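In: below are the sequence and a predicted model for it; my questions follow.
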Amino acid sequence: MVRSAGIAAGLILLLAACGGTAAPAPTKPAEAATVRLGTNPVSPSNGFVWVGLQQGIFAKHGVDVDVKGLGGQQRINSLVAGQIDGEVGGGPQEFVSARAEGSALTIVATFSKKFDDVLLAPAEITSVEQLRGKSIGAVTPTSVDAQGLVFYMRKFGMEPGRDYKLVGTGSSASQAGPAAAMTAHQIDAALLQEDFARGVVKQGGFHVLVDLFDTDLRLAGVPVDFRTDFIQQHPDAVQKTVDALVDCVRYTKEHPAETKAIWGKQYKMEDEERLDTIYKREVELWQKAPIPDKAAFDDVIEFVSMSNPKVKGLDPSTFIDPRFVDDAVKRGLTNY
């Protein structure tokens, strides 16, 4: 045994003396982490996901994503049921409601702090005060746009049900309801995503009274959340996914032509002017460092508790985990 070890050592020295090197042991390539990720198939607000998928950005970061296009409530239901591992762009209202029901879900990032909604009104209404006693539409009474409306109207001392009527005019997946109700004059004003509002304004007789993007309202927008057990069991996969999503946003900001080409196919849009306008709006909304904001979730909880008392006791610090974004920031992924 000792003699064999001495012979082996001698051979190594002989190779070194002759300028040779011992062949390195073969290494097995690291397998990509697999993540089932749900996102909205029709909303550009999370359009960086589809761009990243098309451009191979997830694969670049070592994560094999199975992206499923699902509507808001369907997405959160699939997450709770374990049919997907995480989601991008789900409604924070739906998230806190699921948490209040006991679902173990965790927020790891929020890519927007600003509302993408505008308050649309007939041309003759020129001030918010003129909306007192009027009917104002939102997709649903518990949607993101409804939250923006309620908190903005509070700045003028107005509450829903007392000073104005909040009307749900659509489904959780579409802005078409409020837009149609406006053009049919079934409501007096509406909160709409800027792109839908622009289409109504083009028809004449309506204008943007307020752009919520220009206000100081806080939003936990475009959140990224996972099942808590998945985070505990696969922290590396979550980190790679967050890294990839941060890189997806960087790519969309730096490659407008490629991004708009992918969106044109994904969202079936042929109007280049419309695509350009949407692109400029979305890249302005997205944050480089998507650190979750506890105060923004405090607002969500306050809003949702108006219709769901179970939400009142929630503490955002128990369901926000910023370490993955923090790690991405420390490694310089947001420095561009």
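Out: In hand now; what should we look at? Please read all numbers here as calculations on a predicted model, not as lab measurements. Residues are numbered from 1 along each chain as shown.
In: so where's the stretch 101-250 of the chain uncertain?
Out: When residues are selected by pLDDT under 70, those of the stretch 101-250 of the chain lie in 171-173.
In: mind running it again at 90?
Out: Segments of the stretch 101-250 of the chain classed as low confidence (criterion: pLDDT under 90) are 139-140, 142-143, 169-185, 193-200, 202-203.
In: and the helices in it, which stretches?
Out: Under the criterion DSSP state H, counting those that start in this stretch, the stretch 101-250 of the chain contains helices at 144-154, 176-183, 194-202, 228-233, 235-254.
In: contact partners of the first one?
Out: Think helix 144-154. Residues outside helix 144-154 that contact it (CB atoms under 8 Å, 6 or more residues apart in numbering) are 91-93, 115, 117, 119, 128, 131, 136, 138-140, 159-160, 163-164, 166, 168, 175, 178, 191-193, 210, 212, 215, 217, 219, 221, 299-300, 303, 306. Using the backbone N, CA and C atoms, a C-beta is placed for each residue, glycine as well.
In: can I get the helices of the stretch 101-250 of the chain in a markdown table with distance to Lys260 and mean neighbour count?
Out: Putting these into a markdown table (distance: least, CB to CB, whole Å; neighbours: other CB atoms under 10 Å) gives the following:
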| stretch | distance to Lys260 | mean neighbour count |
| --- | --- | --- |
| helix 144-154 | 24 | 23 |
| helix 176-183 | 23 | 21 |
| helix 194-202 | 14 | 18 |
| helix 228-233 | 33 | 16 |
| helix 235-254 | 9 | 22 |
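In: to Ile107, which of the ones you listed lies closest?
Out: Among the helices of the stretch 101-250 of the chain, the nearest to Ile107 by CB to CB is helix 228-233 (10.4 Å).
In: and that closest one, C-alpha only, in CSV?
Out: Provided in CSV are the C-alpha atoms of helix 228-233 (Å, rounded to 0.1, in the frame of the first residue of the first chain):
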residue,chain,number,x,y,z
THR,A,228,-43.5,29.2,1.2
ASP,A,229,-42.6,25.5,1.2
PHE,A,230,-41.1,25.8,-2.3
ILE,A,231,-38.8,28.7,-1.0
GLN,A,232,-37.8,26.6,2.0
GLN,A,233,-37.0,23.5,-0.2
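In: which helices and strands sit right next to that helix?
Out: The elements that helix 228-233 packs onto, with contact taken as 3 or more CB pairs under 8 Å, 6 or more residues apart in numbering; DSSP states H and E, are strand 105-112, helix 235-254.
In: Serialize the ones you listed to CSV and add fields for distance to Thr39.
Out: Shown next, in CSV, are those (distance: least, CB to CB, whole Å):
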stretch, distance to Thr39
strand 105-112, 12
helix 235-254, 10
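In: one step back: buried ones among the contacts of helix 144-154?
Out: 91-93, 115, 117, 119, 128, 131, 136, 138-140, 160, 164, 166, 168, 175, 178, 191-193, 210, 212, 217, 219, 221, 299-300, 303, 306 (16 or more other CB atoms under 10 Å).
In: quick revisit: just the contacts of helix 144-154: which are in strands?
Out: Secondary structure from DSSP state E places 117, 119, 136, 138, 166, 168, 191-193, 210, 221 of the contacts of helix 144-154 in strands.
In: which one of those residues is nearest Lys68?
Out: After measuring those against Lys68 - CB to CB - the closest member comes out as Gly221, at 20.8 Å.
In: how about that closest one, nearest residue that isn't a chain neighbour?
Out: Using CB to CB, 6 or more residues apart in numbering and skipping residues adjacent in sequence, the residue nearest Gly221 is Ser112, 3.2 Å away.
In: ok, the one you found to Asp236 distance?
Out: 26 Å (CB to CB, to the nearest Å).
In: cool, Ile278 as well?
Out: 34 Å.
In: ok, Ala98 - contacts?
Out: For Ala98, the contacting residues are 76, 79-80, 105, by CB under 8 Å, 6+ apart.
In: so what's the residue nearest to Ile187 when sequence neighbours are not counted up against?
Out: Excluding the flanking residues, the one nearest Ile187 by CB to CB, 6+ apart is Gly137, at 4.1 Å. Listed by CB under 8 Å, 6+ apart, the contact set of Gly137 reads 167-169, 177-178, 181-182, 186-187, 189-191.
In: just to revisit the earlier point, reformat the ones in strands among the contacts of helix 144-154 as TSV; add distance to Val329.
Out: Converted to TSV, the ones in strands among the contacts of helix 144-154 look like this (distance: CB to CB, whole Å):
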residue	distance to Val329
Asp117	28
Leu119	34
Ile136	39
Ala138	34
Leu166	38
Gly168	39
Leu191	33
Leu192	34
Gln193	29
Val210	33
Gly221	19
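In: thanks a lot, catch you later.
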